[in-house]
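sequence and predicted structure are below.
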Amino acid sequence: MALTARRTEPVTILQRERTLRPDLFLVLPYLALAALGIVMVYTASAPRNELLDLDPATTVRRHVIFVLIGFAVFIASSLIGGRTLRSLSIPIYLASLVALGLVLTPLGRELKGAQRWIQVGPFQLQPSEFAKIAVILALAVLLSTATRLRWFHIGRSVLLVGVPAGLIFLQPDLGTMLVFAFVSVIMLFVGGTTVRQLAFIGLAAIVMAVALFQVGAIQEYQIVRVTSFLDGGGGDDADYNQLQSEIAIGSGGFFGKGLFGGTQTNLSFVPEQSSDFIFTAVGEQLGFLGGAIVLGLYAMIVWRLLIAAANGRERFSQFVAIGIAALLVFHVFVNVGMTLRLIPVTGLPLPFLSAGGTFFIAMSLGLGVAHSVWMRRSPVPDE
Amino acid sequence: MSFGWRLGAVALSFSLLFGVLALRLWSIQVTATADYEDAAESNLVKFVETPAPRGQIRDVNGVLLADNRNARVAVIEGALVPRQSEDQLVRNLAAFSGRPASEIRDLVDEARRRGDRVEVVHELTEDQVVFLAEHPEEFVGVRIVETPVRVYVNGELAPDVIGYIGRPNADDLEKPGIKPTDVLGKAGVERQYDGVIRGESGRIKYRINARGEILDQLGEQLPAPGGTVFLTIDSEVQEVLNSSLGQGLQLARELHREGGCVPSDEDPGCPVRAVGVVLDPSDGSVVAMSSVPAFDPNIFVEGVSADEWERLNAQAVFNNFAIQGVYAPASTFKTVAYMAALEEALFPQDVGSADDNSYVCDGLLEFRFNDGSPQLYRDWLENGHGNVDLHGALHASCDLYFWEIALKIWNGRNSEFDQDLLQQWARRFGFDKSSGIDLPFERSGLIPDQEWFEEAQRETPLLVRDTPWAGGDVMNIVIGQGSVLATPLQLANAYAAMVNGGTVWQPRVVHHVVTADGTMLENTPLAANQVALQDRTVALLRRDLQQVVNGPAGTARTAFANFGPNVEQVGGKTGTGEVIKGGLGQEGELHGDVDNALFVGVAPISNPKYVVAVVVERGGSGGRIAAPTAARVLQFLLNGPEGVTDVFAGEEAD
């Protein structure tokens, strides 16, 4: 399959206008996931809310508001041109650094042992979600400046990712740090990093991790999550949650138990089921069929993002599309892998499905800017 | 590598990640889905046990003795305590019950470990019930259950027979189907018939959510109540036996010391307790069985203060002395030699028959053992009883006559007689082995013989003299002393066999059981042994027992002097068993003998319906204390409630 575009004809103004159309192979899966997410959030939250004497629709109503905002953000960001975006990238990056810093001040709110939120009106915003997009944009700017990466570029990249990662480490949020690591490695690789440079980065990361362990800076619950997972469980809470999730999905079978037929999710055996464990609700209620369709929708989006990257008009746009694709893949793999008890709990939500306002908006923003890459792509001969 | 190749590599690695997820999804949702379905099912279906009410216990006439009432109890349902709210539950329960949090924590852990219920507050008050009902969210996993609680109606009536209940101990838990939360019979009929009384607990199947909250009830298997046990005990006779033993013990204590006494190490002569059994010799049914001081088995349900427990335990009240107390039967045992004498023509040297009264029963027996050593034995009555035949010897309880029978066996042991002839006769009547009564913890008593003696010399040399088994030992056995030991029940049962023509019954306290579904389970009387006896022998024994009570030389004569009507229908035998020999005490003070007082009565003697055995531990002389005590019971049995008079002291007689 050809990922690279062959430029055969000069591009006319007319053609440019003609190509400014949405990529339905990307937009439709996105809409489908968002719609499914609303249904799943409702089935996963309504029984519990009822139990707590709340309006069953409380959670989903909140989620829908964010979804609508997310749609708007998606459309708006899809329309931003590459050059405009590029010029905005560094300010956005700096702004997100400021926001990450603010979280750590008394303005930030602590929840479940981590300080990740800033209260904005009635909503709590999670700057680290936007920081993911900001880092991708900034890294794309950096990588687009050089056709051949030198150690100098590597150093700047590490610094560029390291500063926000360090701020996030202070919250602490191990999951988001891993997102940074994965996304930047993918982007650096595609950007032309040599094997030696990659090895250096990997080594540096290992040394850093060991040092952090030695200093004892990694939070105990994070160690517990990993060790309980490796031990194969010992009644620990994190492991209990994963086990319940695995049972839920496994018991769903091929066709699932039907909406509201999931005893595990509907009867609250699975924790955080409308946010981190939303895939559990899918697996239990909609079975293998539903789970596979969801994975297929993600795969389709990722595919379209890679196509966009291949056909990007400029290097910056290409890197943005790759970064967003990596972000999506990593979130899906880590989150779904967690619900299937394949990897430890890291607290990364599932894009477009999980309830959680900031994340949906941030991911819509990310998808939007990548979508704009496709819409402004180099023309492809068969179009 | 070009940009395109690198992008391709990234696409490939992304595909791999998706592939891994899809494979994993397939393996758990399609390949192994059945296992997960089971796991999910067991997650949300919980079983909660509902205890069955224990079966009732009623007397032979249907009078209710043990029943149940419903108590409201707060229990922690181990299956229903969610992990998330455990800490909160512990705090709330500690505050609610006033028990320390660590204790509550242990209970919760125990409940969770077993997935079963653990009581946290027994007997909730009305206010507590309302409070719990109004704050279910503060006490998730706690339920109020109506639990049947044992009630012993007229608790002190027959605790020895009925027994009591309690939690299973380590041994009980090894039996199949016993859980730590169960209530079991620990003694008496409650224990022996636990299998039929306990019933089967029911199960309620609930659907719950992860927080342990019950969503709905999926099914219920009702508990099967235990069967109703009908005893052979007659409450009215039991009542009279209790009061008679109480009076007899009181009288004995007053005779020991003016104003009564309290048993203690300092006062070894103070009467300790009175034990009695009433047996039906026609089928071995126990009509009444008691020991005084008694206890109220309700304390095992409701609890008792530590001091009170200490006091009761010091008196060993929880033992059933009618089957667990072993006593030297003393002269009541002479009937064994009496039966042997008539059946085997065993009489003193130079005495030709049972009616030959040429034997002079003076106070002293001089004779030589085979080794030539001179011996001098004294009768209990200093000047003896004059000329006696076998019958007269029994009436007056002449020791010498029976010693001569023992000597006869001993001297003829290598030719005429089996050395253990006397012991064999005793064993035929049920001595030296447990009677097989349907009550737990029965002791078997002891009839010593040479084999046992030599074994004891080897095993416990310090406790046994170092000279060999000798004729003197047989002479001790014949008067029921030495190492002879029997329970009051064994004594009564042996007399029952002797007067009924030789049938040794396996005594029973349960007449029949009616199960919850109405099936009647008969507890058929079983004969343990049939002793071949001539009718004449039985008739003579009855006549002579009657003379012990009614004859001019009878040892129980004065005790029955004011019996009232039908005294001629009463027979019996007294016994006085030496516990501590009189003499000089450690500090040089002189003290008298300390004896157990025994009496076995039979009535009506022409057609025996009751055998009454009474032992007053350290009560003194059988004729003085035990016979009058038993007389009061016999008065009731023969003459009804109006015929009963208070226990008074009889004459000092063996």
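Looks like it arrived, so ask away. Numbers count the residues shown, from 1 in each chain, chains lettered A, B, ... in the order given.

any idea which element the closest residue to B:Pro281 other than its chain neighbours lies in?
Spatial nearest neighbour of B:Pro281, excluding adjacent residues (CB to CB, 6 or more residues apart in numbering or on different chains): B:Ala496 at 3.4 Å. Backbone N, C-alpha and C define where each C-beta goes, glycine included. Using DSSP states H and E, B:Ala496 sits in helix B:488-500.

so how far is that helix from its chain's centroid?
Centre-to-centre, helix B:488-500 and its host chain are 18 Å apart (CA atoms, centre = their mean, to the nearest Å).

using the three-state scheme, assign the nearest residue to B:Arg413 once chain neighbours are set aside.
Closest residue in space to B:Arg413, ignoring its immediate chain neighbours: B:Gln419 at 4.1 Å, by CB to CB, 6+ apart. Secondary structure for B:Gln419, judged by DSSP: H, G, I helix; E, B strand; the rest coil, is coil.

touching, the residue nearest to B:Pro281 and B:Val286? I think so.
No: the pair B:Ala496 / B:Val286 is not scored as a contact, 10.7 Å apart, by CB atoms under 8 Å.

residues of stretch B:31-48 that come out buried?
For stretch B:31-48, burial by neighbour count (16 or more other CB atoms under 10 Å in any protein chain shown) applies to B:Thr33, B:Tyr36, B:Glu37, B:Ala39, B:Ala40, B:Asn43, B:Leu44, B:Lys46, B:Val48.

I'd like the next helix or strand past the helix or strand hosting B:Gln88.
Using DSSP H and E, B:Gln88 falls within helix B:86-97. Following helix B:86-97 in sequence order, the next helix or strand is helix B:101-114 (DSSP H and E).

which other helices and strands does that next one contact?
Helices and strands touching helix B:101-114, by 3 or more CB pairs under 8 Å, 6 or more residues apart in numbering or on different chains; DSSP states H and E, are strand B:64-77, helix B:86-97, strand B:117-121.

send me the host helix or strand of A:Phe200 as CSV with only the CA atoms.
Assigned by DSSP H and E, A:Phe200 belongs to helix A:195-215. The C-alpha atoms that make up helix A:195-215 are tabulated as CSV, following Å, rounded to 0.1, in the frame of the first residue of the first chain:
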residue,chain,number,x,y,z
VAL,A,195,19.2,3.9,15.9
ARG,A,196,22.0,5.2,18.0
GLN,A,197,20.0,8.3,19.0
LEU,A,198,17.0,6.2,19.8
ALA,A,199,19.2,3.9,21.9
PHE,A,200,20.5,6.9,23.7
ILE,A,201,17.0,8.1,24.5
GLY,A,202,16.0,4.7,25.7
LEU,A,203,19.0,4.4,27.9
ALA,A,204,18.4,7.9,29.3
ALA,A,205,14.8,7.0,30.1
ILE,A,206,15.9,3.8,31.9
VAL,A,207,18.5,5.7,34.0
MET,A,208,15.9,8.3,34.8
ALA,A,209,13.4,5.6,35.9
VAL,A,210,15.8,3.8,38.1
ALA,A,211,16.9,7.1,39.6
LEU,A,212,13.4,8.0,40.4
PHE,A,213,12.8,4.6,42.0
GLN,A,214,16.0,5.0,44.1
VAL,A,215,15.0,8.5,45.3
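
wait, is B:Ala274 part of a strand?
Yes: secondary structure of B:Ala274 (three-state DSSP): part of a strand.

what residues are up against it?
B:Ala274 sits next to B:245-246, B:248-249, B:252, B:291-292, B:614-617, B:619, B:629 when contact means CB atoms under 8 Å, 6 or more residues apart in numbering or on different chains.

just the ones in strands from these, please.
Secondary structure defined by DSSP state E assigns B:Ser291, B:Val292, B:Val614, B:Val615, B:Val616, B:Glu617 of the contacts of B:Ala274 to strands.

same list (these) but as JSON lines, adding distance to B:Gly325.
Shown next, in JSON lines, are the ones in strands among the contacts of B:Ala274 (distance: CB to CB, whole Å):
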{"residue": "B:Ser291", "distance to B:Gly325": "7"}
{"residue": "B:Val292", "distance to B:Gly325": "12"}
{"residue": "B:Val614", "distance to B:Gly325": "12"}
{"residue": "B:Val615", "distance to B:Gly325": "7"}
{"residue": "B:Val616", "distance to B:Gly325": "11"}
{"residue": "B:Glu617", "distance to B:Gly325": "7"}
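
just the contacts of B:Ala274 that are near chain A?
Subset of the contacts of B:Ala274 in contact with chain A: empty, counting by CB under 8 Å from any CB of the partner chain.

bridging residues for B:Ala74?
B:Val121, B:Ile144 (DSSP bridges).

thinking it is in contact with B:Val142, fair?
Yes: judged on CB under 8 Å, B:Ala74 makes contact with B:Val142 at a distance of 5.8 Å.

shared neighbours, the two?
Counting by CB under 8 Å, 6+ apart, the residues touching both B:Ala74 and B:Val142 are B:Val120, B:Leu132.

same for chain A: which of the buried residues of stretch B:31-48 are within range?
B:Thr33, B:Tyr36, B:Glu37, B:Ala39, B:Ala40, B:Asn43, B:Leu44.
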